[in-house]
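*Asks:* Sequence and computational prediction follow.
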Amino acid sequence: MKHNYVPGKAYKMRKGSKLIFIGHNPFGLSYPFIFSNEDEGLLHYNFNGFWAGRIGEEDAHDIIGEWPPEPKKVKGWVNVTMVNNRLKFSDFCDSKFVADEIAHKERVACIPIEFTEGEGL
C-alpha cells in the first residue's frame, strides 16, 4: 500500500500505535521516510509503508493507514425555561454571556454542558 506522507501528520501502525511523519532522508535509498513513535523513537520506512526492521510477510510496525481524527470536545451553555409547567431547553450557546443575552424571563437555570462530538448525550 503506497502512501503520500505529509510532515507532521499521524499514521497508524498495524499494531495500533501512532506514528508522526518527520521527513525524508535523501540518503536512505531503501527506507527514506522517517517517523517518530512515542515508545520507540525514530523509525525508518519505505515507499510502501514497510518498516526497515520488518521480519516476515507482515510486521506489527508496518503502516496501515492514516491515524483517525481525534474526536472534538464541545463545551457550552443551555438555558432552561419553564413554560406551561414544562421544562424547555434553549439552543446551545458557546458562552454563558451569550446564553444570558438570549435568556427569556421564564428562565429557571443556565447549565453548562460538555460532550464529545459524535457520541451524543
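*Replies:* Yep, it's here. If you're wondering where the values come from, they're calculated on a predicted model, not measured in any experiment. Numbers count the residues shown, from 1 in each chain.
*Asks:* Check the residue nearest to the spatial centre of the chain and give its pLDDT.
*Replies:* Residue closest to the average C-alpha location in the chain (Cα atoms, centre = their mean): Glu70, at 1.2 Å. If you check Glu70, the pLDDT there is 83.
*Asks:* ditto for Ile64
*Replies:* As predicted, Ile64 sits at a pLDDT of 93.
*Asks:* ok, it to Gly49 distance?
*Replies:* Distance check for Ile64 against Gly49: by Cβ to Cβ, to the nearest Å, it reads 7 Å. For every residue, glycine as well, the C-beta is placed using N, CA and C.
*Asks:* Tell me which of the two has more neighbours.
*Replies:* Just comparing Ile64 and Gly49: by other Cβ atoms under 10 Å the higher neighbour count belongs to Gly49, 21 against 14.
*Asks:* Does the more buried one touch Asp59 like I think?
*Replies:* No. With the criterion set as Cβ atoms under 8 Å, Gly49 and Asp59 do not qualify as a contacting pair; they are 10.3 Å apart.
*Asks:* joint contacts of the two?
*Replies:* Common neighbours of Gly49 and Asp59, counting by Cβ atoms under 8 Å, 6 or more residues apart in numbering, are absent.
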